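In: My questions are about this predicted structure, shown below with the sequence.
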Amino acid sequence: MTVMTEPEANAVRGRLEKLPHPVRLLFFTQETECHSCRTTRDLLHELSNLGSTIDVEVYDFIRDAEIAEQYGIDKIPAIAVIAEADTRMRFYGSPTGYEFISLLQAIERAGNRQSGLSPESLKRLHEIATPVHLQVFVTPTCPYCPSAVVTAHQLAMAHPNIRADMVEATEYPHLVQRYQVVGVPQVVINESRHFEGALPEHLFIEQVLDAMRSTSTRPPIID
């Protein structure tokens, strides 16, 4: 199934051809694929045909459990974006609609080997000394969601202690309930703190740093 229109494909090809370094996209699915798994596979296949720097590797979530565990993959469909090393940028659910923007920008950052954060933001991230897990809940029809995903991914690429996931809310209703997601984008920090909206880079980072400094956040949410 073709996911992109011809004009879209031509525009993407032009962007991918400019990448100076290769990018690996690790796609995790299963033998009996869900609908969004098939859509995601088709999208990644098209991307690999548009740019010689894009290499898509397909793994079975069950049979390749060791590889899934290595990259912290706990649900499908999932995409891990790899540059020279793991960028810690993840996509859970099909990155279609507005979220295709997030995927394309993640590929470009990995291909350029640059997070794109400002020098001031990079300096502030030095305060982070413990692991940070960012989950950005989105929907494909939300025009504000890619901004939140992009910023979270920039942080992940910039700092080895940060990993950031795009989570397509409609595909994981149990997570929506668990984290009490009532609007998107919603960013969950380390299971216990969250904020809504697409904040500017400096305010997004302040939310993360505040969560790290705080000793009075609400207890972790338990299934």
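Out: Perfect, thanks for sending it.
In: Give me the below-cutoff pLDDT ranges for the protein.
Out: By pLDDT under 70, the weakly predicted segments of the chain are 1, 215-223.
In: how about a cut-off of 90?
Out: The chain contains residues with pLDDT under 90 at 1-5, 31-35, 51-52, 192, 213-223.
In: can you point me to the longest helix in it?
Out: The residue-count maximum for a helix in the chain (DSSP state H) belongs to helix 35-50.
In: And the strands in the protein?
Out: With DSSP state E as the criterion, the chain has strands at 23-29, 54-60, 78-82, 86-92, 132-138, 162-168, 186-189, 193-196.
In: ok, residue 107 touching residue 21?
Out: No: using CB atoms under 8 Å, residue 107 is not in contact with residue 21, being 10.8 Å away. C-beta here means a position set from N, CA and C on the backbone, and glycine is covered the same way.
In: Looking at the two, which is more packed in?
Out: Taking neighbours as other CB atoms under 10 Å, residue 107 and residue 21 compare with residue 107 leading, 25 against 11.
In: Look up how far residue 23 lies from that one.
Out: Going from residue 107 to residue 23 by CB to CB, to the nearest Å gives 5 Å.
In: Next, count neighbours for residue 111.
Out: Residue 111 has 21 nearby residues by other CB under 10 Å.
In: next one: residue 62
Out: If you count neighbours by other CB under 10 Å, residue 62 ends up with 12.
In: doesn't residue 31 make contact with it?
Out: Yes: counting by CB under 8 Å, residue 31 is a contact partner of residue 62 at 7.5 Å.
In: how about the nearest residue to residue 185, chain neighbours excluded?
Out: residue 148 (3.8 Å; CB to CB, 6 or more residues apart in numbering).
In: ok, the one you found - contacts?
Out: By CB atoms under 8 Å, 6 or more residues apart in numbering, the contact set of residue 148 is 136, 138, 185, 187, 197-199, 204.
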